[in-house]
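Enquirer: Sequence unavailable; structure follows:
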Ligand code: ATP
Ligand code: MG
C-alpha cells in the first residue's frame with residue numbers, strides 16, 4: 001500500500017485545485033517558510049478523519065478553508081481526496097485503489113466519500129484502523145510528537161502497541177457493543 005495521489009481544492013493555502021502524485025519510495029517536499037509544506041500533511045491528516053482543529057494548527061474547523069488573499073476571494077468549501085494504492089490488499093476492501101474524500105462547507109456541513117460513494121466518518125476510521133494509517137496512528141509524526149511518545153504514560157503507550165498489533169479495531173467494537 002502506498003500514497004498515490006493527493007488532490008486538494010480550497011484547503012488552507014491551496015486555493016486552486018492541486019494534484020500531487022507520489023511514487024513508491026521516498027518523497028521530500030521542499031520550499032520556503034510558509035509556502036505550504038505542512039499544509040500538505042494537514043490535508044492528509046484531515047482527510048483521514050482528524051476532528052481536532054487544533055491538531056490541524058487552527059482554532060475552528062472553518063480555518064482549513066481558504067480564507068482569501070490580496071488577489072483572491074475566500075472560498076466556501078474545502079475538499080481533499082487521497083488515493084491509496086491497495087494492490088497488496090492491506091486495506092480490507094476489494095479495491096486495488098482506494099480513494100477517500102472529505103468536504104467541508106463554511107456553513108459547517110461536511111461530507112465523506114469512499115471511492116466516490118458517500119459514507120460516514122466511522123467507515124473511514126474503521127477502514128484505516130489497525131492499518132497503521134489511521135488518524136491515531138503514527139504514520140504522520142509532527143514536530144514535538146517524538147518526545148510525546150517517549151514520555152507518554154504506560155497506558156497511552158499501550159494504545160500505540162495495540163494499534164500496531166491490530167487489536168484496536170476489536171477493542172473499539174467491543175466498547176461500542178457494550179455501550180449499546
Ligand atoms: P515552514 O517551513 O515554516 O514549516 P510550511 O511550508 O510548512 O512552512 P505551512 O505552515 O504549510 O508552511 O503554510 C502556512 C501558510 O498557509 C501561511 O502562509 C498561512 O497564511 C497559509 N494558510 C493557512 N491556513 C490558510 C487558509 N485557511 N487560507 C489561506 N491561507 C492559509
Ligand atoms: Mg512546516
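Expert: In hand now; what should we look at? What you see is a predicted model, and the numbers here were worked out from it, not measured in a lab. Ligands and ions are numbered 1, 2, ... in the order given.
Enquirer: where does this protein dip in pLDDT?
Expert: The model of the chain has pLDDT under 70 over residues 135-138.
Enquirer: Get me the contact residues on it for ligand 1.
Expert: With CB under 6 Å from any ligand atom as the criterion, the chain comes near ligand 1 at residues 12-13, 31, 33-39, 63, 65-67. C-beta coordinates here come from the backbone N, C-alpha and C atoms, glycine included.
Enquirer: let's see 8 Å
Expert: Residues of the chain found near ligand 1, taking CB under 8 Å from any ligand atom as the criterion, are 11-13, 15, 31-40, 42, 57-58, 63-69, 74.
Enquirer: among these, which ones are buried?
Expert: 11, 12, 15, 36, 38, 39, 40, 42, 64, 65, 66, 67 (16 or more other CB atoms under 10 Å).
Enquirer: What residue, apart from its backbone neighbours, is nearest the third one spatially?
Expert: With CB to CB, 6 or more residues apart in numbering as the measure, residue 66 is the residue that lies nearest to residue 15, at 4.5 Å, once sequence neighbours are left out.
Enquirer: cool, and the fifth one?
Expert: Closest residue to residue 38 apart from its sequence neighbours, by CB to CB, 6+ apart: residue 57 at 7.3 Å.
Enquirer: Where does this protein get nearest to ligand 2, which residue?
Expert: Ligand 2 sits closest to residue 38 of the chain, with a gap of 3.2 Å, by CB to the ion.
Enquirer: Please enumerate the helices of this structure.
Expert: With DSSP state H, the ranges of helices along the chain come out as 37-47, 121-128, 145-151, 154-165, 168-179.
Enquirer: Distance to residue 108 added to these, as CSV?
Expert: As requested, the helices of the chain are exported to CSV (distance: least, CB to CB, whole Å):
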stretch, distance to residue 108
helix 37-47, 15
helix 121-128, 14
helix 145-151, 29
helix 154-165, 30
helix 168-179, 26
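Enquirer: near ligand 2, which residues of the protein?
Expert: Taking CB under 5 Å from the ion as the criterion, the neighbours of ligand 2 within the chain are 37, 38.
Enquirer: In contact with the residue lying closest to residue 21 once chain neighbours are set aside, which residues?
Expert: Sequence neighbours aside, residue 5 is the residue nearest to residue 21 in space, at 5.3 Å (criterion: CB to CB, 6+ apart). Residue 5 is in contact with 19, 20, 21, 22, 81, 82, 83, counting by CB atoms under 8 Å, 6 or more residues apart in numbering.
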